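# One predicted model, sequence on top.
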Amino acid sequence: MTITPELLLQHSDAGTLWPAADRSPDNWPDLEVAYRDALAVRALRERRGDKPAGFKVGFTNRTIWERYGVFAPIWGTVWNSTLSRCDGEGTLALQQLSQPRLEPEVVFGMRATPPRAPTLEALFDCVEWLAPGFEIVQSHCDNWKFSAPETVADGGLHGRLLVGRETPVRNVAATGEELDKRLAACKVRLLRGEQVMDEGRGANVLDGPLHALLYFVEELQQYPGAPPLQAGDVVTTGTWTDAWPLQPGERWRADFDALLPSLAIHLR
């Protein structure tokens, strides 16, 4: 049985795994077909009243490519219903998420649509703020075993996004080059309770979050039918560590270098 956009949406809403019998390379033989169906799901969601709030960029962290068998970045939509904000500590529910995992990331808030073929400096001028973020990713493929096209068709694995305290970008750096260097050098410690579970750095994500944003903008501009990045959109740029399995009742915290404030999350 072919997994249609309608079925993709049903599994996303219910938090259920795709049936093994329905999974076939013929569903999405390449990324182009997978993005076609992902955009069809986006259209279905918009027709029922869901509002896009921005985008997620996934698999920008080269250190985990071999672990998951995906060797290039992907992207998907963030929704008003999946986006939450806090001033440093927030609470999110895991209900209706499929095999959720946590990722510490940097999120950008856009003030303008980037120009065609932007440079880092032109892109910097289009960013209004940056913030620490926790993306809760999910997979509807059992045991997180998937192909790259399946991750795209699966909404880019996006589940939820918690955005922490926003800092105006020009409070951090005066130029794109400076922001790029500062973010690439920044480090994070990821803690569950008071136990350090993982450590990472900004350079893990395509040499830095601003580079990850540039890559995404170039990909989005080249893909036929893809919606443009707009003022007010958020873009989360990929995990600095591995993605960690979650359980209700846990509290996680990401302690960044002084460049970014810490972010904590309670799960229920």
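Done, it's in. Note that this is a predicted model, so its numbers are computed, not measured.
# Determine the three-state secondary structure at residue 113.
Classification of residue 113 using DSSP: H, G, I helix; E, B strand; the rest coil returns coil.
# any chance you could map the helices in this protein?
Ranges of helices within the chain are 5-14, 31-47, 65-68, 120-124, 148-153, 176-185, 209-222, based on DSSP state H.
# Reformat those into a markdown table and put distance to residue 262 and mean pLDDT next to each item.
(Glycine included, C-beta is placed from N, CA and C.) Listed next are the helices of the chain as a markdown table, based on distance: least, Cβ to Cβ, whole Å; pLDDT from 0 to 100:
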| stretch | distance to residue 262 | mean pLDDT |
| --- | --- | --- |
| helix 5-14 | 31 | 97 |
| helix 31-47 | 33 | 97 |
| helix 65-68 | 26 | 95 |
| helix 120-124 | 25 | 97 |
| helix 148-153 | 29 | 97 |
| helix 176-185 | 16 | 97 |
| helix 209-222 | 17 | 96 |
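# Can you check which of those gets nearest to residue 248?
Nearest to residue 248, of all these, is helix 5-14, at 17.9 Å by Cβ to Cβ.
# Using CSV, write out every CA atom in the closest one.
Coordinates of each C-alpha in helix 5-14 appear next as CSV, following Å, rounded to 0.1, in the frame of the first residue of the first chain:
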residue,chain,number,x,y,z
PRO,A,5,0.0,12.5,1.9
GLU,A,6,-3.4,11.9,3.6
LEU,A,7,-2.0,8.9,5.4
LEU,A,8,1.2,10.8,6.3
LEU,A,9,-1.0,13.4,8.0
GLN,A,10,-3.1,10.8,9.8
HIS,A,11,0.0,9.1,11.3
SER,A,12,1.4,12.5,12.2
ASP,A,13,-1.8,13.5,14.0
ALA,A,14,-2.1,10.2,15.8
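# That helix: which residues count as buried?
Within helix 5-14, the residues scored as buried using 16 or more other Cβ atoms under 10 Å are 5, 8, 9, 11, 12.
# In this structure the first one contacts residue 37, no?
To tie it back to what came earlier, the one meant is residue 5. Yes: at 5.2 Å, residue 5 counts as touching residue 37 under the criterion of Cβ atoms under 8 Å.
# What residues does residue 69 make contact with?
Residue 69 makes contacts with 145, 146, 147, 148, as judged by Cβ atoms under 8 Å, 6 or more residues apart in numbering.
# Surely the last one touches residue 30?
No: counting by Cβ under 8 Å, residue 30 is not a contact partner of residue 148; they are 9.0 Å apart.
# Looking at the two now, which is surrounded by more residues?
Set residue 148 next to residue 30 and count neighbours by other Cβ atoms under 10 Å: residue 148 wins out with 18 against 13.
# correct me, but residue 142 touches residue 22?
No: if you go by Cβ under 8 Å, residue 142 and residue 22 don't touch, sitting 11.8 Å apart.
# For stretch 109-129, which residues meet the burial criterion?
Neighbour counts over stretch 109-129 (16+ other Cβ under 10 Å) mark 109, 110, 114, 118, 120, 122, 123, 124, 125, 126, 127, 129 as buried.
# with these in mind, which one is nearest to residue 76?
residue 110 (16.6 Å).
# Can you name the residues bridging to that closest one?
Beta-bridge partners of residue 110, counted by DSSP bridges, are residue 127.
# which residues touch it?
54, 126, 127, 128, 229, 230, 231, 232, 233, 234, 235.
# Next one: it relative to residue 55, how far apart?
10 Å (Cβ to Cβ, to the nearest Å).
# Equivalent analysis for residue 186, please.
22 Å.
# how far is stretch 126-146 from where the chain is centred?
Stretch 126-146 has its C-alpha centroid displaced from the chain centroid by 3 Å (Cα atoms, centre = their mean, to the nearest Å).
# Sounds good, over and out.
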